[in-house]
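> sequence first, then the predicted structure, then my questions.
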Amino acid sequence: MTTALVVDDDQAILDLLEERLLSMGHECRKAQSQTEAEEILEHHVFDYILLDLEIPNRFQGRADIVYGHNLLRKIRQTPGHSRTPVLAITAHGLSSHHLCAETMKLGATDFVGKPFGKDNPLEDKIREALRAKANGKSEASEAPPSKLSPFGGGELVFYEDRVELCGTKICGGRNSSTKWRVLDLLRSQAANGAYRCFPMKDIADRLKLTRPGAVAEAVADLRKECRERMRETAGVDCGDEDIISNQNRGYHLQDWIKVLDGSDEVEQAAAEKRLELSENQKGIIRLLRKHGKRSPRQLSDGLNVLRSVITAEIDKLAAAGLILSEGNGANKVVRLSVAPV
């Protein structure tokens, strides 16, 4: 099923867009800030994105076009979304040539004006963008085979906060989505060491899902993420049956996939020191794992937590030897003292 990410800080607009997309047979996830959208993009790959340019950095913050542009830059840097169509939504009209030129330069596919209607045909713009994307994929599939290497198997590693295929993140952690739960079940092995096969209804029953179709949707989403992310980060052509196969016996992992349990060295170090990490401390570690270095202000903004609270948590992590500080005052940044695996 075609899926979209819709980013707008106006709940009424989000509801309206959701209804319009549902009527097209599309599904969507919604975000109301730059930070929320970035968190969603970490775990999902979308067929297209509707982005209101004037959004806040954090929920209920001050909206500004600069945050829409910053998010657009991040989208183009996110594995799996370098070529995803992004339709920029603006209520300022399309007469500002400077705004249009700047936004297109950052990677927007097209513009849609508010209010939606005859003069701003939302559905036509979406269909046009998807057709262009499909034509692009068709051209890519006809390109010389040397440009993409065939997938030849690899490691599927389960960490607490993510699952990686050949070193590339393909979904979030244990509590992030149905996708992790499906993969966790599919890594089960029979007595002979072969991966077990599960019919769709069996998976739905085991995971207590209300709809068996949710399993097919999760598998389709996983296949899409594997295909897009492996193509972009590793130059590998990963087919739909290369990871999860479904050849009339139900879903199962392919034999050339090696499943491993990953471990986070930072959390292992915390356990060895008998330090129970708070949710804020886990959030700090998560952001440092993602970005490498962050200032206390960036950590405060990223977690939407008071600076004084973040500073106290940084001091505790530093005292335990889990993070290191560099610089002073406004130039201070922190990083993990142990590199994550």
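It's in. From a predicted model like this one, the values you see are computed outputs, not experimental measurements.
> so how many other residues sit close to His43?
A total of 19 residues lie near His43 under the criterion other C-beta atoms under 10 Å. All C-beta atoms are positioned from the backbone trio N, CA, C, and that covers glycine.
> again, but for Ser33
The number of residues packed near Ser33 is 22, by other C-beta under 10 Å.
> so how far is His44 from it?
Separation of Ser33 from His44 (C-beta to C-beta, to the nearest Å): 16 Å.
> in the stretch 201-341 of the chain, which spans are helices?
Using DSSP state H, counting those that start in this stretch, the helices of the stretch 201-341 of the chain run over 213-234, 265-272, 279-291, 296-303, 307-319.
> same list (the ones you listed) but as CSV, adding distance to Pro115.
Converted to CSV, the helices of the stretch 201-341 of the chain look like this (distance: least, C-beta to C-beta, whole Å):
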stretch, distance to Pro115
helix 213-234, 32
helix 265-272, 48
helix 279-291, 37
helix 296-303, 32
helix 307-319, 39
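> and these, which is most packed in?
Stretch with highest mean neighbour count among the helices of the stretch 201-341 of the chain: helix 213-234 (a mean of 20; mean count of other C-beta atoms under 10 Å).
> contacts for it?
The contact list for helix 213-234, computed with C-beta atoms under 8 Å, 6 or more residues apart in numbering, reads 1, 3, 44-45, 79-82, 148-149, 151, 165-171, 177-179, 182-183, 200, 203-204, 207, 209, 236-240, 242-244, 246, 251.
> same question, stretch 191-206
Contacts of stretch 191-206 (C-beta under 8 Å, 6+ apart): 182, 185-190, 209, 211-212, 214-216, 249-255, 257.
> filter those down to the ones in strands?
252-253, 257 (DSSP state E).
> show me which of the residues you listed is closest to Gly329.
Lowest distance from Gly329 to the ones in strands among the contacts of stretch 191-206 (C-beta to C-beta) belongs to Ile257, with 49.0 Å.
> wait, isn't that closest one in contact with Val157?
No. Using C-beta atoms under 8 Å, Ile257 makes no contact with Val157, being 10.7 Å away.
> please pull out the lowest mean pLDDT helix or strand from the protein.
When the helices and strands of the chain are compared on mean pLDDT, DSSP states H and E, helix 265-272 comes out lowest with a mean of 66.
> ok, Lys30 to Trp180 distance?
21 Å.
> just Glu54 next, same as before
Glu54 is 34 Å from Trp180, by C-beta to C-beta.
> outline the domain layout of the protein.
The chain resolves into domains spanning 3-142, 150-261, 265-336 when parsed by automatic domain parsing.
> start to end distance for the second one?
So that's domain 150-261. For domain 150-261, the first-to-last residue distance is 25 Å (C-alpha to C-alpha, to the nearest Å).
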